[in-house]
Each structure stands twice: as structure tokens, then as C-alpha cells.
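[1] Please find the sequence and the predicted model below.
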Protein chains: 2
Amino acid sequence: MRQSHLFTKTRKTAPKDEVAKNAQLLIRAGFIHKEMAGVYSYLPLGLRVVEKIKQIVREEMNAIASQELIMTALQKKELWERTDRWSDEVVDVWFKSELKAGGEVGFGWSHEEPIGEMMKNFITSYRDLPISVYQFQTKLRNELRAKSGIMRGREFVMKDMYSFAADEKSHLAYYESAKPAYMNVFKRLGIGDDTYITFAAGGAFTKFSHEFQTVCETGEDVTYIDRKKKIAINEEVLNDETLSNLGLKHDDLEKVSTAEVGNIFNFGQQKAEDLGLLAKDKDGKDTPVWMGSYGIGITRLMGVLVEKFSDDKGIVWPKSVSPFAVHLVSIAAGNSDIEKEADRVYDLLRENNIEVLYDDRDVRAGEKFADSDLIGISTRLVVSEKTISAGGYELADRATGKAKFVSESSLLNELRK
Amino acid sequence: MRQSHLFTKTRKTAPKDEVAKNAQLLIRAGFIHKEMAGVYSYLPLGLRVVEKIKQIVREEMNAIASQELIMTALQKKELWERTDRWSDEVVDVWFKSELKAGGEVGFGWSHEEPIGEMMKNFITSYRDLPISVYQFQTKLRNELRAKSGIMRGREFVMKDMYSFAADEKSHLAYYESAKPAYMNVFKRLGIGDDTYITFAAGGAFTKFSHEFQTVCETGEDVTYIDRKKKIAINEEVLNDETLSNLGLKHDDLEKVSTAEVGNIFNFGQQKAEDLGLLAKDKDGKDTPVWMGSYGIGITRLMGVLVEKFSDDKGIVWPKSVSPFAVHLVSIAAGNSDIEKEADRVYDLLRENNIEVLYDDRDVRAGEKFADSDLIGISTRLVVSEKTISAGGYELADRATGKAKFVSESSLLNELRK
């Protein structure tokens, strides 16, 4: 894409009421627009990053045999009353509204109940199981406070997955398979080493749930991590019994700020029992289905990446989710030969399916470099009089700042590395 | 995908309260699930169709230089008050709710106001223009009645696009360019011949807006079409002046039921004036921006396709949006050689990037064929004892019902036709 065509522009300052670094940088670089506190639109650059994160998550969820669908924002009051979660005193983040046709509706802050209810149409016997489904859904949560940018929003994108099993053994096997799948996601996003499977409070039927906490200065959670054993404990379950169960010592734990990027939760049979989701077992007896739920905060992850991967010049996207693979910057200063060569390189990259943002604007070199640093595309390719006279281009890595000369003939190979 | 793994199942009947053919068939075939009247979830097969329709629309909007973004469901009251469209007496489809933090919010039934407001951050001069942006957004509309299945929902997916121009000439040029782009979409969906650019009521500043109406027995609109001239008039503007303006004769018009699959609307400068969206012109004078809006109902289109392309056996998807390219059906009846050969064909298609649903279930042939007809994948490939002993397979077209034998060696070429 030609940058002269991109409608967004970088700006020197973020809105005054925006205190979170992630939102400040993303707004300044033109990735997002703030509609109101905790509510952000995703502009062309931002949408590209969201879609790349989603695609990585999609591949890993498909790899554990989950099937993608999409539920609805509008939800039935009657359904949530059945599990005693309609009341504002029980769930304090509901948005609710009146139907013109009569009655109240809720807006999806979670989809456990509707998915479980829907599954009654497809699950009648143990033979129908196991099943796992997931969606990328816009969740609406009426948060009292929202000041962490896209790390905690009133409207945000979440991947939520639900598993259904006929017996405890296959249920737990699936639950366990989600852990490496989740860690694959975080590794591919460049935060694998800093993300800890964290023991947190379970429900009535399991001792623990498992969170995926990423070490992050501005994270809202406090987590106790054992760096060597690569395991962590949420404050709420930090006690002698937990430590002894997990074979951890208090002295080996480090108290750090973290952001919860994912969580997995074992419902046992309780949720299905509440909903009346039953499957006949091998003896023909109706049995509540074993359920688990598995979340990953897609837009929160994007915020965490910006918090962790940025410097005083701007964002530093990991290659895997960089909005474009290459930022092609022409320093032509009115020299039409350089412009033509930059155009030619632009066409060459596109012909070779290399995603490229091409800064073809007629502005000073300093402004181009500053914008390029702010936007943070992982690789920068400079075409200038100096590089052309040497028979090639300058290739620079946004993360390390290291630049090197590449000849015309080796360009494509270098970019494919 | 193996059909034994797909969690949805076909069913003999639709819910009793479902009167629309499109929803009846889509529910029976496992494409959608009804959450409440006018509110449907999209299951794996349905989501595939939605994504294919979106991709066709995306390609055509990108081709007229529009840039994709995604706005938010939550919208500010203050913004809509400014254009006098917050009141329920003016706009009767609002869902509204209270923010826990204080104040009211609306849920996006349209995005004209928020997009125009956002653009103030990016448009200051005629040099920033023209701009066109679009999104695929879940719209929420508090409709009093919803009985047309996915053709009119309380929650549905729409592509909405907005154009911004510095002067009338470039504004109208863009507006005109949208018409062939829209017709390309409808052609690719197989409804080009039945879709008419239709003159409808304009606003205060334009005589007409333009609707794209598809002839469809169960459509909610009444349209007067001139089949020869391929032009149509909405009832609301059918009068002598319009006929004379358009060079049409009353006697050449045929009154038909249609479904509105798209519309384009010229705001002139009024919307920008109301919002205060100004650009400096060449003389440095602040001038309201010329705006247009351009909608395509994505999920409605899916409903229209089912209404138009179905028979007494089920859905007949056009190739361009068929959930899979091929429905591979093995009729093995316990013969493991046939099973192995079907498995081999399944692997072959996947290796060649041909999307395939593989009915590997252990059920009767009659049930497989009935399900295949109901689901409506455009091409069916049968592997049975009979076809194998003849050295190949049976290839059938869902639309025409015609079947032919294809040899093993010609299979891939036939499927790529």
C-alpha cells in the first residue's frame, strides 16, 4: 500500500485523557481511534494487526480440532436467569436494553450460556462428543473504570472457546491440550518466555483454573512467578497448601506485575447441569456434559505487545504481527530516478507477495524516518541516492536498529529470511 | 473437513416459529442457529459462506481504493444529538443502555456519525481528499418485527462504506464508480441479471438515492423494473416526472417483489456541515466535505441467495460462495477398499488446496445424498464400488443435477474447471 493513499496520519500527541502507553502510541501512529473511554475503533493499520493475531490463534485452535463459529451480541434474559447470572448484583458488567417488541435483552459480555444452550441441538449422546468450538467475538462489558487503553475495554475482541466431553478423562485430556496450544500462540507473538501458566482460583468443582499471565510493567494483575520452573501463582491462591501441592518454595517466587492474556477454566459438569445440557452415556442414561472454557484477549494481546515492544521512538512490532512485512521508504528529494527505482522495488515486492507499506510521500527524510519508527513495521527498506549509487538498498531491523546494505540481486532472499 | 468431525447435524424440520424459507433451510442444514427472532448465530458452514461473501465485497471495494477499518458498536449520545438522530421519535431502531460510569450509550444501528466525527482527525485540507473507508460491521437494530429470517435481522452483518471528497466533481465521480463495483459483487454472487439499480427517494440535497434491488418472491420491497433497459424505480418515487427524467414508460414497467441488497446515498455537504467536518479549500476557506454512504447487507445477501437458489431438496449454493468447493461422498458400505480410496481422494484434494467436505460417516447412502442436497455444496464427488470398478468417480453438479463419470487421471482438471 502507498502511504500517500493511507488516510491515517501520525500525530505528535495523544488525547490528553489517554493515560495508557499502548493507546497513546497506537493513536499517535494511526492504528486506533478512541470513541470513548475503553472503546476504540481499529483503523487500517490496526485492523491488519488484529487480523494477524486472530489468524495465529485460529491456526492453533484449529490444530486442536476446534471449529470456528460466531455467536450473537444480543442474548436472552431467560437463559441467564436459569444460571442465576442475569442480575446486576451477580454480574456487574451487563449492558441491557429493552426490545421494542417487548422484554429485555442483554449484550454479550460472555457466551458460555448461549453456546451451552445451542449445543442442545447437536448433542444428545456420548457418540456426539467430544466437541470444541470457538469464535472471535466483540465482547461488551459495562466496566466502571477503563484506563488501560486496549488492555481493558468496554468493547473488545476475544477468542472464546468451549469444549464438551462425555467423560472426565476425555474432558481433562482436552483441557490439557489447550495449554501447549495457548503457549504456541504466545511464542509466535514473541511473548512466550514472559508468559506463565498461572494457578488461579477455580470454581466449585476444580481446585484451580489456569491463567496465562505475561510479565508486563503496566499489567493490572499481581503474580508470583518461579522463573526457573516457569510456573506462577495468582495472589488469590498463594498459600502453603498451594505451594506444597505445586512443589514450589516461597523464596523462589518473584512478585511481578502481569497482564492476563488468556485463561482456561474447567466447569466440570456443573454448567451443563445448570443449563440442562445432557448426553446419553453408554448405558443410555442422561448425563450432564463435561465443559471447559478457554479465553484469549485478542485486542488486549495487541495492547500488551505495544507495552512490551516499544521504545522512545515508537512501536516495535514482532515480525509475526507487523502490519506489513516491509516499510519501503524512498528518500528521493525530487530525484525522479530514485522515485522510479522505489516504484520498481514496490512493484517487485508486491509481485512476490511481500506485504509492503511504501512511503512515497513528498516529505522530508527526517519525517519519514520518524513516522517509520513510530509505526514500527519490523523491517525497513530504504531507497536513496546513496544506496542506489552503491547498487542496492539499506535494510534495517526495527527491533535492533541494525542496518545493512543489500544488493539488488540479494534483496528478495534477504526479505524472505 | 471430515463430516464425522463437523459438530452440526442436519435436521428434518425447522423451529415452528420460523416462517422464512431462508432461515428454515439454513437451520435444517446446520448453517445458522436461531438465538431469538431476528438474531442468528453462524455455525461453521454458515460462517464459511459469510466470509466468502465478505471477501468478494472486500475485493471489489479495495478495487475502488477504499480502505478497510472497523468501528465500534458502542456510540456516544452527544454525537447523535448533534445531528438530531438520538431521539427514539426520529430513529426508531435504537438499542440504548446506561453506562455504569454514568450517562447513556447507543449501540450502532448505523455508523455515519461516528465515522464522520473520527475523520476530523485526518481531514483538514482538500489535499487530504478524496478518502473512502469501509467496514464489515455487526449492526444492531431494535426492529419491531423480524420474520424474514436472515433477510431482516435485529443483529446482522453489513458492509458500510463512506466517501469524503473536496468538491462535487470528485464526489460524484466516486459515487458513480461505486455502481459498477456493486454490480460486480452481485454478478459474482450469481444474481447480477436479477439485480436492478433502482431510483429511490433522495435526501434534502439529491433527487434520488440508488438502491440495488434483487428480484425475489419473498423480498419485502415492491419495485417497478424495466427488464430491457435494466433499470428500476422504487414505488415511492414512481411518478410522471421521474419516468420522464429517466426516459421510461409506465407500460414497460413490471411490478415485482424485490429484496434490497445494497444502497448508495449522496449526502452532498449536509452531513459534514451538521458534524462540523470541514476541509480548507485551495483558497484556505473552510468548506464542508462532500460525503456519500454505501451499504451492502452481507447476511441479507446470504438469505437472498438461499431464497433464490434452492429446490425441494435443499440449498443450491453458487460456486463463488459454496461453503466448500467439493462435497466428497464415500459410499463404502463397510468395504474398506472403498474407504481407503475415498481417504486417498480426500488427501489429494487437500494437498491441491481444493476445499472439501468429506462425508466419511458410517450412514446409509440415501441419508448421505439427502444431506448433501440439503447442504447444497455446488459440486459433489462420489466414490463407490461402482465408480471404483470403472476406474474413477462420479461428479455431479448441484444446480443442474447432471452427473458424469470422471477418470482418476482427469479428476483434478475437472474440479479446477
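    Yes, it's here. Numbering: from 1, shown residues only, chains lettered A, B, ... in the order given.

[2] Any buried residues in the longest strand along chain A, and which?
    The longest strand of chain A (DSSP state E) is strand A:254-268. Neighbour-count burial for strand A:254-268, counted by 16 or more other CB atoms under 10 Å in any protein chain shown, picks out A:Val256, A:Thr258, A:Ala259, A:Glu260, A:Val261, A:Gly262, A:Asn263, A:Ile264, A:Phe265, A:Asn266, A:Phe267, A:Gly268. C-beta: built from backbone N, CA, C; applies to glycine.

[3] Stretch A:386-399 now?
    Quick answer for stretch A:386-399 (16+ other CB under 10 Å): A:Thr387, A:Ile388, A:Gly392, A:Tyr393, A:Glu394, A:Leu395, A:Ala396, A:Arg398.

[4] pLDDT (mean, whole number) over that stretch?
    The average of the pLDDT scores along stretch A:386-399 is 97.

[5] next one: that stretch to chain centre, how far?
    With CA atoms, centre = their mean, to the nearest Å as the basis, stretch A:386-399 stands 33 Å off its chain's centre.

[6] with the buried residues of strand A:254-268 in mind, which one is nearest to B:Ile315?
    Closest approach to B:Ile315 among those (CB to CB): A:Phe267, at 35.3 Å.

[7] Name the nearest residue to that closest one, sequence neighbours excluded.
    A:Met291 (4.3 Å; CB to CB, 6 or more residues apart in numbering or on different chains).

[8] Cross the buried residues of stretch A:386-399 against helices and list the overlap.
    Within these, residues falling in helices by DSSP state H are A:Thr387, A:Ile388.

[9] The buried residues of stretch A:386-399 into CSV, with extra columns for distance to A:Glu351?
    Formatted as CSV, the buried residues of stretch A:386-399 follow (distance: CB to CB, whole Å):
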residue, distance to A:Glu351
A:Thr387, 21
A:Ile388, 20
A:Gly392, 19
A:Tyr393, 17
A:Glu394, 21
A:Leu395, 19
A:Ala396, 23
A:Arg398, 24
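
[10] Could you find which two of the buried residues of stretch A:386-399 are furthest from each other?
    A:Ile388 and A:Arg398 (22.6 Å).

[11] returning to what we had before: so which of the buried residues of strand A:254-268 comes closest to chain B?
    When the buried residues of strand A:254-268 are ranked by distance to chain B (CB to the nearest CB), A:Phe267 comes first, at 18.0 Å.

[12] so the closest one sits right up against A:Phe205, yeah?
    Yes. Applying CB atoms under 8 Å, one finds A:Phe267 in contact with A:Phe205, separated by 7.0 Å.

[13] hmm, back to that, can you give me how far the longest strand of chain A is from the chain middle?
    A distance of 14 Å separates the centroid of the chain from that of strand A:254-268, by CA atoms, centre = their mean.

[14] can you pull out the strands in the stretch 1-150 of chain A?
    For the stretch 1-150 of chain A, the strands defined by DSSP state E, counting those that start in this stretch cover A:32-36, A:39-42, A:67-68, A:74-76, A:95-98, A:104-107, A:131-140.

[15] Give me the contact list for the fifth one.
    With CB atoms under 8 Å, 6 or more residues apart in numbering or on different chains as the test, strand A:95-98 has contacts from A:104-107, A:109, A:140-142, B:95-97, B:105, B:107, B:142.

[16] roughly how far apart are the residue nearest to A:Met183 when sequence neighbours are not counted and A:Asn413?
    Distances taken as CB to CB, 6+ apart place A:Gly192 nearest to A:Met183, at 6.4 Å, with adjacent residues excluded. According to CB to CB, to the nearest Å, A:Gly192 and A:Asn413 sit 27 Å apart.
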